[in-house]
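[1] okay, predicted coordinates and the sequence, questions at the end:
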Amino acid sequence: MAKTRAKKTAPAEHARGAHAKPHEPLSPEKVHALFGFPGPYDPPPAPMALVGYATFWDPGVSVQRLHEKHRTLFYSTDWLASVRFARETDAWRWRQLRLAPIEASLPFTEQEKRLTNADKPAAARELVTFLVLHFLMTGERFEMDRWRCRDVVPSGRRVIVGPFSQFGLDIGTVSDAWVSPGIGLSALFTPPRPK
């Protein structure tokens, strides 16, 4: 009897729409209203869309504040109260997040070599902001594995974000040398501010 083989699923980047036509980003005013924040005051226009990237307005909020306001979206992460990266904020601005992480199954140093153009690993704050915003806009959790971020905790381990399951968004840490088919590297582009 001949065996039938299930067709392999599409690569993660294709399955998650990384090559789909970019959607119109939510206006800065609507983002601030969704989060319940004041402002923004005279925001710049949205940058040109990039294929395979999500353009979003980043209100500069910390992971701790997002956790406080939307606790049910997070997996039990009480340790966030004691780490610096979770308290960091930034100026509000446009960001463009690559929708498919840099290749999994590689250590961080090899993943970092595969970043293109002006992309950098996303800060955990930037990635978490995108994920919470995506949920507030669509009511759906962004499908992902674990994505390395640029933040490193005092032990030397790198922050990872994901998965975002029905139990909540998981935030943890991992060694840069650790290799796993479920750990990719986040990639983010921050368009320059218009002068």
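    Nice, thanks for sending it over. Please read these numbers as outputs of a predicted model, since none were measured by experiment.
[2] correct me if wrong, but Ser180 is in a helix.
    No: assigned with DSSP: H, G, I helix; E, B strand; the rest coil, Ser180 falls outside any helix and is coil.
[3] okay, Leu34 and Ile102: tell me how far apart.
    29 Å (C-beta to C-beta, to the nearest Å). C-beta coordinates here come from the backbone N, C-alpha and C atoms, glycine included.
[4] of those two, which one has the most company?
    Just comparing Leu34 and Ile102: by other C-beta atoms under 10 Å the higher neighbour count belongs to Ile102, 22 against 15.
[5] His134 touches Phe142, doesn't it?
    Yes: between His134 and Phe142 there is a contact at 5.0 Å, judged by C-beta atoms under 8 Å.
[6] next, the contact list for Glu103, please.
    Neighbour list for Glu103: Gln111, Arg114, Gly184, Leu185 [criterion: C-beta atoms under 8 Å, 6 or more residues apart in numbering].
[7] where does this protein have low pLDDT?
    Scanning the chain for pLDDT under 70 picks out 1-23.
[8] buried sites along the longest helix seen in it?
    What stands out as the longest helix in the chain, according to DSSP state H, is helix 124-138. Judged by neighbour count (16 or more other C-beta atoms under 10 Å), helix 124-138 contains these buried residues: Ala124, Arg125, Glu126, Leu127, Val128, Thr129, Phe130, Leu131, Val132, Leu133, His134, Phe135.
[9] just name the closest of those to Leu50, please.
    Phe130 (14.2 Å; C-beta to C-beta).
[10] go ahead and confirm the closest one touches Leu99.
    No: Phe130 lies out of contact with Leu99 (C-beta under 8 Å); the separation is 9.8 Å.
[11] so what sits against both of those two?
    Ala54.
[12] so Gly39 sits in a strand?
    No: using three-state DSSP, the assignment for Gly39 is coil, not a strand.
[13] burial of it, as a residue count?
    Gly39: 13 neighbours (other C-beta under 10 Å).
[14] how much space separates it from Asn117?
    Where Asn117 is concerned, Gly39 sits at a distance of 30 Å (C-beta to C-beta).
[15] check contacts around the closest residue to Tyr75 other than its chain neighbours.
    Using C-beta to C-beta, 6 or more residues apart in numbering and skipping the chain neighbours, the partner closest in space to Tyr75 is Gly168 (3.8 Å). By C-beta under 8 Å, 6+ apart, the contact list for Gly168 reads Thr72, Leu73, Phe74, Tyr75, Ser76.
[16] quick one, what contacts the fourth one?
    By C-beta under 8 Å, 6+ apart, the contact set of Tyr75 is Ser165, Phe167, Gly168, Leu169, Asp170, Ile171.
[17] try it again with 7 Å
    Residues counted as contacts of Tyr75 (C-beta atoms under 7 Å, 6 or more residues apart in numbering) are Phe167, Gly168, Leu169, Asp170.
[18] before we move on, back to that, top of the contacts of Gly168 by neighbour count?
    Phe74 (21 neighbours).
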